[in-house]
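S.K.: coords please:
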Amino acid sequence: MERKPRTIGGITDLSRSRAQAPRAADLIYRELHRDIVSMKLKPNSKISEKDLLEHFGVSRTPLREAVLRLADEGLVNVFPQAGTFVAPIPVRLLQESILIRKALETVIAETAARRGLKADIEAIDTNLAEMEARLRSGDLGAFHQIDNEFHRLIGRISGLGTVMAAIGHVRAQIDRYRLLTLPQAGRLTRVLVEHRAVRDAIAAGDAAAAGAAMALHIGQMLDEVEVLQNLDWDFFYDDRDTERQT
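M.R.: All right, here's what the predicted structure looks like:
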């Protein structure tokens, strides 16, 4: 007996929902990840399952899949009977993430200094001009985005795409911390000065100076995290002694 080709109309609702679930989970994951990392959803705030189901128009399956992915990354905490909450920033994980990023971006800056062309320096200068404009206007959100673009630009110049991807895996907690610290007096000016030092070293083709400037820029966060002054401790979880206590 000849089998009839299966048409879209012949796909059952169950098959269709199973096919759509992974895409829905990815969409929910990306939107929640963005809102958490951008601090639109702040640490310890509750995530309403009911509101998300209504917002995305999905079943509980893709929503729970997305939440589990975020939990695995340390961005949400799931408490049975209580609900899902945005996780506070774990201090030890934040410190280790900064260490990883410092090591990798130092190599990236050194490599960019060896590869940078005139057009690359012009692109960096455009970025720095935009950053200075946001500094004057006090637009912290735009400043943060341009700051991130500066680092992506250095990464593209270096050609070390795999290294940049590795940095992406440790950025979430760092970005949350950075957004909390941007309002501090003098912070934006200091970031701009440090970026210019990296730019000048790359323009000069001085790999050692470029690496040192980037290491200083990223590494200063480690000292800040150690004391966590002028920050709301409700947003952090001090897990530094966890391993010694177990």
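S.K.: mind jotting down where the strands sit in this protein?
M.R.: Counting by DSSP state E, the chain has strands at residues 46-47, 76-79, 83-86, 89-90, 236-237.
S.K.: mean pLDDT lowest where, among the ones you listed?
M.R.: For those, the weakest mean pLDDT is recorded on strand 236-237, namely a mean of 88.
S.K.: what packs against it?
M.R.: Strand 236-237 is packed against strand 89-90, with contacts defined by 3 or more CB pairs under 8 Å, 6 or more residues apart in numbering; DSSP states H and E. C-beta here means a position set from N, CA and C on the backbone, and glycine is covered the same way.
S.K.: helices and strands around the strand it packs on, which ones?
M.R.: Strand 89-90 packs on helix 171-181, strand 236-237, going by 3+ CB pairs under 8 Å, 6+ apart.
S.K.: pairing partners for that strand, with directions?
M.R.: Applying DSSP bridges, strand 89-90 is found paired with strand 236-237 (parallel).
S.K.: who's in contact with the strand it pairs with?
M.R.: 43, 87-91, 228 (CB atoms under 8 Å, 6 or more residues apart in numbering).
S.K.: most neighbours among these, which one is it?
M.R.: residue 89 (23 neighbours; other CB atoms under 10 Å).
S.K.: which residues does that residue contact?
M.R.: Per CB under 8 Å, 6+ apart, neighbours of residue 89: 43, 173, 176-177, 235-237.
S.K.: mind doing that once more with 6 Å?
M.R.: Counting by CB atoms under 6 Å, 6 or more residues apart in numbering, residue 89 touches 173, 176, 236.
S.K.: now those as CSV including neighbour count and distance to residue 59?
M.R.: Converted to CSV, the contacts of residue 89 look like this (neighbours: other CB atoms under 10 Å; distance: CB to CB, whole Å):
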residue, neighbour count, distance to residue 59
173, 22, 30
176, 23, 30
236, 19, 35
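S.K.: and these as CSV, adding distance to residue 207?
M.R.: What follows is the contacts of residue 89, written out as CSV (distance: CB to CB, whole Å):
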residue, distance to residue 207
173, 29
176, 31
236, 36
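S.K.: from these, pick the one nearest residue 54.
M.R.: Comparing these against residue 54 with CB to CB places residue 176 closest, at 26.5 Å.
S.K.: and the helices and strands packed on strand 89-90, which one averages the lowest pLDDT?
M.R.: Among the helices and strands packed on strand 89-90, strand 236-237 carries the lowest mean pLDDT (a mean of 88).
S.K.: so where's this structure uncertain?
M.R.: 1-22, 228-231, 241-246 (pLDDT under 70).
S.K.: now do the helices in it.
M.R.: 13-37, 49-56, 60-72, 91-115, 118-137, 140-158, 161-168, 171-181, 187-203, 207-227, 242-245 (DSSP state H).
S.K.: those: which one's closest to residue 81?
M.R.: helix 49-56 (12.9 Å).
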